[in-house]
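Visitor: Quick one: sequence and predicted model below, then my questions.
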Amino acid sequence: MKATELKDNEYHSYYKQYLSLLGDAELLASLRQGLDDMEAFFSPLEPDKLSYRYAKDKWTVAEVVLHLIDTERIFQYRALRFARNDQTNLMGFDQDAFTLQSDAGSRSKGQLLKEFKTVRNASISLFESFDTEKLLRMGTASGSVMSVRALGFMISAHQAHHHKLFKTLYTGIYA
């Protein structure tokens, strides 16, 4: 199952900018690649760079990583609910409020990487468990319809989006 196979009715048009970053990626391969990508990003990163922000009032590197973790957990939950054919309209979440409460500054590089790996491995396991019928099921979250498979691709696309921002806006972490 490839990202290019997603139909426009499987996700809100806002997410197209994220999903376009995946190209022709396969769902499980893109989730697994994200583990390697995070490891490659973190390995050379000096621990003091976790507190780097590229501008006043922008998130630190640690806050972005915890944002990725939090969002992935929420997307997992939504995917599970939709795969189980739960038609409850799920509420959205305020990413800025989550980030303010994340205590990201108290986390070490090792703790962040370990938690990311744990959450990503849970995503891989979850999406491996879904057959084609479940992956195509739809539900509503934040007022928009989304398929289970689109949520899986969004986990990878969201990470790709933030890695792109790290390379373009967070250039100070590489100095």
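Guide: Ah, there it is. Numbers count the residues shown, from 1 in each chain.
Visitor: use CA for all of it now, contacts and neighbours both
Guide: Noted.
Visitor: Show residues contacting the helix or strand that contains A157.
Guide: Using DSSP states H and E, A157 sits within helix 148-168. Defining contact as Cα atoms under 8 Å, 6 or more residues apart in numbering, one finds that helix 148-168 is touched by 3, 6, 10-11, 15, 18-22, 27, 30-31, 34, 64, 68, 71-72, 75-76, 78-80, 82-83, 123, 127, 134-139.
Visitor: In helices, which of the residues you listed fall?
Guide: 18-19, 27, 30-31, 34, 64, 68, 71-72, 75-76, 78-80, 82-83, 123, 127, 134-135 (DSSP state H).
Visitor: Touching, E128 and L28? I think so.
Guide: Yes - assessed by Cα atoms under 8 Å, E128 is found in contact with L28 at 7.3 Å.
Visitor: Surely S144 is in contact with N9?
Guide: No - contact between S144 and N9 fails when scored by Cα under 8 Å: they sit 9.8 Å apart.
Visitor: between those two, who's got more neighbours?
Guide: Taking other Cα atoms under 10 Å, S144 and N9 do not tie; S144 has more neighbours (15 against 12).
Visitor: How many neighbouring residues does the closest residue to that one other than its chain neighbours have?
Guide: Excluding the flanking residues, the one nearest S144 by Cα to Cα, 6 or more residues apart in numbering is H12, at 6.1 Å. Other residues near H12 come to 14 when the count uses other Cα under 10 Å.
Visitor: now do L50
Guide: Using other Cα under 10 Å, L50 has 22 other residues around it.
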